[in-house]
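J.: Structure of the sequence below:
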Amino acid sequence: MNEIKNIESNKNIQNTSAWIKMTKSEIEWIIISLNISEKSSEIHDKSGNSIAFRQLQRDFIRIKNKIMKGEEEYETRNKTEEENRNGAQACESCVD
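T.: Below you'll find the model as predicted:
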């Protein structure tokens, strides 16, 4: 317990990060849960925790949007490659 107090009192410690593997649906459930937690905190908790829930929710929304953008780019790239394989530039002797 003493070590925890020393760590918490050290102002020079930077935030650390971790890689967590989640599906898009898990991220969506976390966003919903954070929204509920934020609203509940606004009503029942006057210590300002709703701000932390709101910031976490925004972070997860950004992550979800990046995933969706990556999926769209992947689908577009695959569609373009497919069109190039089957388009006018395809080899005349190659018939699918």
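J.: Give me the three-state assignment for Ser17.
T.: Using DSSP: H, G, I helix; E, B strand; the rest coil, the structure places Ser17 in coil.
J.: show me the contacts for it.
T.: Ser17 makes no contacts at all, as judged by CB atoms under 8 Å, 6 or more residues apart in numbering. Glycine gets a C-beta too; all of them are placed from N, C-alpha and C.
J.: So for it, what's the pLDDT?
T.: The model reports Ser17 with a pLDDT of 82.
J.: Distance check, it against Asp59.
T.: Distance, Ser17 to Asp59, using CB to CB, to the nearest Å: 11 Å.
J.: cool, and Phe53?
T.: Note on Phe53: its distance to Asp59, by CB to CB, is 11 Å.
J.: on contacts alone, who are the packing partners of the host helix or strand of Ile32?
T.: Assessed by DSSP states H and E, Ile32 sits inside helix 24-44. On a contact count with 3 or more CB pairs under 8 Å, 6 or more residues apart in numbering; DSSP states H and E, helix 24-44 meets helix 49-86.
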